[in-house]
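Asker: Sharing a sequence plus its predicted fold:
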Amino acid sequence: MARSALTMTAATFAATAAALLLTACGGEDSAPDDIKGAETEASSSSPSASASGAADVKRPDVSLPKDLKLVFDFERPSDTEQAAALEDAANYIRALDHGIAQQDPNDPAYQFYSTGGAKKYAKSQIEAWVKDGWTVTGNDRYFKADIDPVGEGKSVLVSFCRNQAKFYSKKVETGKVNYTDENLDSYQKFSLLMSPSEASSGVWQARQIEVQGRVKECKG
């Protein structure tokens, strides 16, 4: 599956984020891009309740095949709410990847960790992978996380870099891996508008997503 950069500008994303804070609803969608991820380790498929501050919430399965490895090289924030928002931003990526691995555009995992535009985005991505007969394999790394408050509410903007140089698409029917060389397309920047879930206490959901391609600052 070809890689492509999203077309939503930073100004448009900021305006959408502001609208979400006022309306508490979805907003506009981002254009599709190839989000491909995997699990850090089999034992980490179900995030700890303490990490996200929701001991009594039943979280969905986001475990993935053993040939997928997703690494979040993040420093845990000292602020507990920011830490929970960052963890569930990572869970959104895990959940999206789980849907791709399961070949299920209606997978409950991404629906648990997202709403609005981010939910529609995840569904469209999984549908595209399933339609073309691809799944994912290899290693995927996310790093350089930043968290910024948005407006006067509890919502935060979580952003981080991605290096997908060792992450590949794989044909479901044949198992043939589409290997690619590292280049500037390997480096992306993700921005997720995160807000507390209205349905599950202690859970944060992605409301909107922007992915920028060919980001030089993520390569350095």
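Answerer: Cool, the structure landed. Numbering: from 1, shown residues only.

Asker: Which strands or helices does the longest strand along the chain pack on?
Answerer: Counting residues, the longest strand found in the chain (DSSP state E) is strand 134-149. Packing contacts for strand 134-149, counted by 3 or more Cβ pairs under 8 Å, 6 or more residues apart in numbering; DSSP states H and E, involve strand 68-73, helix 80-102, strand 156-163, strand 167-171. No exception for glycine: its C-beta is placed from N, CA and C like everyone else's.

Asker: Quick check: the spatially most central residue of the chain vs G151, distance?
Answerer: In the chain, the residue lying closest to the centroid (Cα atoms, centre = their mean) is I93, at 2.7 Å. Using Cβ to Cβ, to the nearest Å, I93 is found at 24 Å from G151.

Asker: pLDDT weak spots in this structure?
Answerer: For the chain, the stretches flagged by pLDDT under 70 are 1-55, 220.

Asker: Farthest out from the centre of it, which residue is that? Tell me.
Answerer: Distance to the chain centre peaks in the chain at T174, reaching 27.0 Å (criterion: Cα atoms, centre = their mean).

Asker: can you pull the buried residues of stretch 146-159?
Answerer: For stretch 146-159, the neighbour count (16 or more other Cβ atoms under 10 Å) marks I147, V150, S155, V156, L157, V158, S159 as buried.

Asker: for the first one, which residues make a bridge with it?
Answerer: Listed by DSSP bridges, the beta-bridge partners for I147 are V158.

Asker: contacting residues around it?
Answerer: Residues near I147 by Cβ atoms under 8 Å, 6 or more residues apart in numbering: P77, Q82, A85, L86, V156, L157, V158, S159.

Asker: now with 10 Å?
Answerer: Residues near I147 by Cβ atoms under 10 Å, 6 or more residues apart in numbering: 74, 77, 79, 81-83, 85-86, 89, 156-160, 194.

Asker: which one of these has the most neighbours?
Answerer: Neighbour counts for these, by other Cβ atoms under 10 Å, peak at A89, which reaches 31 neighbours.

Asker: isn't that residue right up against A206?
Answerer: Yes: between A89 and A206 there is a contact at 6.4 Å, judged by Cβ atoms under 10 Å.
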